[in-house]
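>>> need the 3D shape of this:
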Amino acid sequence: MSSASIEYDVIVIGGGPAGENAAAYAIAGNDRTAAIVERELIGGECSYWACIPSKALLRPGHVLASARSMPGVSAAGLDVEAVLRRRDAFVHDHDDSAQVDWAEHSRIEVVRGTGRLTGERLVEVDGQQLRARHAVVLATGTTANIPTVPGLRDALPWISRDVTNLHEVPRRVAVVGGGVVASEAATWLAALGAEVTLLVRGSALLASAEPFAGERVAAALTEAGVRVRFGTEPSAVERPAAKDTGEGWIHGGPATVRLRGPQGESEIEVDEIVVAAGRAPSTERLGLAAVGLPDGYVTVDDHLTVRGVEGHWLYAIGDVNHRAALTHMGKYQARVCGDVIRARADGKPLDDARFVASSDHGRVPQVVFTAPEVASVGLTEAAARDAGHAVETVDLDIAVAGSSLARDDYAGHAKLVLDSATDTLLGATFVGPDVGEQLHAATIAVVGRVPLATLWHAVPAFPAVSEFWLRLLEARRG
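Numbers count the residues shown, from 1 in each chain. Have a look, this model is predicted:
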């Protein structure tokens, strides 16, 4: 290791959206310096292997379904090669030069390599030591889990990174999992022409959502030709030996997946296996032991300061702190974290609401971009009851003039979870075409604790789909 250290005011390990925002906010409006340490691409998982490519693959199928539901519109089908080219354009063919240019323009230096903690405010990057004057921010995210099923790892299964960056659509695919990644992957694979079998260990899709959400998504996937098998998981996988092409390993042909389910043992043959069975924190090589922390998720307080480390210099944001594993929540935490770092460096008190990551607690918005979409914020009915609230609910089908005009086959459902003691909204879940665009109104109501008596005066435009808000409030009034 070089004996000389390069100093920055702030060092961020991890160059995804959360890390980028933390660095930018920490030095905004002053002449301090920041560095982002990244071993892959600036922009991170979301930009190249997750949110952006997956939504680029999902959207054409949504548009096609909408067109086919509209009399007077001719819709032949999807041009798969064109869909993949558009996906490639959104991920910039895995070229992060534009993100690097942004960082440099923002006075953030990009340091390529694997960063690890070596002591207080010290980060080593492939033998070079960096020192932070004020803060080190951990933003390393998570990696995909592969279950310990005999033969599965040797079969070279796809993880989320592989399926979002596919170059040919497999004829037959098994998707292992029942959460967001599995449900979205099954949606676009089926739309692109694959025969999909969705293997769900549990009894429902999207198990943490309101039950009707998973039920409607499962019904829609089944209607689209996906074989959804609940209570089923792989017990073993057999595949011809992988081959080394000199440019990487490829599998040797179709795989036989043995299954254990409600009807006993069975098997299917597929061309690819997609594993979407959870995530693990990317902290194994992060050097947490050097600052007295165990490997695993990093616990933080509401200022995003790492617990168990003295001196208010170490922070953790995004998926690695296990508070809300969503890109937009990582970026939210990054904004709070950056503001906190800047305030502490200036010797200012943290007595303003912007210095507290409060929306991580029961106010998290999320959209699952299946067909239909699932949009939710705040607490489900079950979570609200578990938290001890005086719970009241109201739900109804989304059937207003705006939804009828949007498409002839519009089918949706909405549910509000209310605190009857305070007459405020605790949570909301909407299921239907493009309901993600309806979510922010609910998010504002939950975060702002807007009384329902006030929401009554938030008049929805006519004829818009948002008129269902009025119907919900009317139903609640009885």
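>>> just for the stretch 1-150 of the chain, where's the confidence low?
For the stretch 1-150 of the chain, the stretches with pLDDT under 70 are 1-4.
>>> can you do 80?
1-5 (pLDDT under 80).
>>> residues of stretch 397-404 that come out buried?
Residues Ile398, Ala399, Val400, Gly402, Ser403 are the ones in stretch 397-404 that count as buried (16 or more other C-beta atoms under 10 Å). C-beta: built from backbone N, CA, C; applies to glycine.
>>> over to stretch 95-104?
By 16+ other C-beta under 10 Å, the buried positions in stretch 95-104 come out as Asp96, Gln99, Val100, Trp102, Ala103.
>>> also stretch 266-273?
Ile268, Val270, Asp271, Glu272, Ile273.
>>> let me have the buried residues of stretch 397-404 in JSON lines, adding pLDDT, secondary structure and distance to Val176 as columns.
Shown next, in JSON lines, are these (pLDDT from 0 to 100; DSSP: H, G, I helix; E, B strand; the rest coil; distance: C-beta to C-beta, whole Å):
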{"residue": "Ile398", "pLDDT": "98", "secondary structure": "coil", "distance to Val176": "32"}
{"residue": "Ala399", "pLDDT": "97", "secondary structure": "coil", "distance to Val176": "36"}
{"residue": "Val400", "pLDDT": "97", "secondary structure": "coil", "distance to Val176": "39"}
{"residue": "Gly402", "pLDDT": "96", "secondary structure": "helix", "distance to Val176": "38"}
{"residue": "Ser403", "pLDDT": "97", "secondary structure": "helix", "distance to Val176": "35"}
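>>> need the residues you listed in CSV (columns: distance to Arg449).
Shown next, in CSV, are the buried residues of stretch 397-404 (distance: C-beta to C-beta, whole Å):
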residue, distance to Arg449
Ile398, 25
Ala399, 29
Val400, 26
Gly402, 27
Ser403, 28
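>>> report the two of these separated the most.
Greatest spatial distance in the buried residues of stretch 397-404: Ala399 and Gly402, 10.0 Å, computed using C-beta to C-beta.
>>> what about stretch 284-300, distance to the chain center?
In this view, stretch 284-300 has its centroid 23 Å away from the chain centroid, taken as C-alpha atoms, centre = their mean, to the nearest Å.
>>> quick one: end-to-end distance for that stretch.
18 Å (C-alpha to C-alpha, to the nearest Å).
>>> ok, and what's touching it?
With C-beta atoms under 8 Å, 6 or more residues apart in numbering as the test, stretch 284-300 has contacts from 13, 114-120, 124, 138, 140, 281, 283, 306-309, 314-317, 320-323.
>>> distance check, Glu467 against Arg407.
Using C-beta to C-beta, to the nearest Å, Glu467 is found at 15 Å from Arg407.
>>> shaky segments in the stretch 251-400 of the chain?
Along the stretch 251-400 of the chain, segments meeting pLDDT under 80 span 251-252.
>>> how long is stretch 87-106 end to end?
27 Å.
>>> name the residues that touch that stretch?
The list of residues contacting stretch 87-106 from outside it, by C-beta under 8 Å, 6+ apart, reads 15, 20, 23-24, 27, 36, 41-43, 47-49, 52-53, 56-57, 109-110, 164-165.
>>> one more time with 10 Å, if that's ok
With contacts defined as C-beta atoms under 10 Å, 6 or more residues apart in numbering, stretch 87-106 is touched by 15, 17, 20, 23-24, 27-28, 34-36, 38, 40-44, 47-49, 52-57, 59-60, 108-110, 112, 164-167, 188.
>>> just the buried ones from the contacts of stretch 284-300?
Taking 16+ other C-beta under 10 Å as the criterion, what is buried in the contacts of stretch 284-300 is 13, 115-118, 124, 138, 140, 281, 283, 306, 309, 314-317, 320-323.
>>> out of the residues you listed, which are inside helices?
Secondary structure from DSSP state H places none of the buried ones among the contacts of stretch 284-300 in helices.
>>> filter those down to the ones in strands?
Ile13, Gly115, Arg116, Leu117, Thr118, Glu124, Leu138, Pro281, Leu314, Tyr315, Ala316 (DSSP state E).
>>> between these, which is nearest Lys415?
Pro281 (32.5 Å).
>>> what's the next secondary structure element after the helix or strand harbouring Leu189?
Element membership for Leu189, per DSSP states H and E: helix 180-191. Following helix 180-191 in sequence order, the next helix or strand is strand 195-200 (DSSP H and E).
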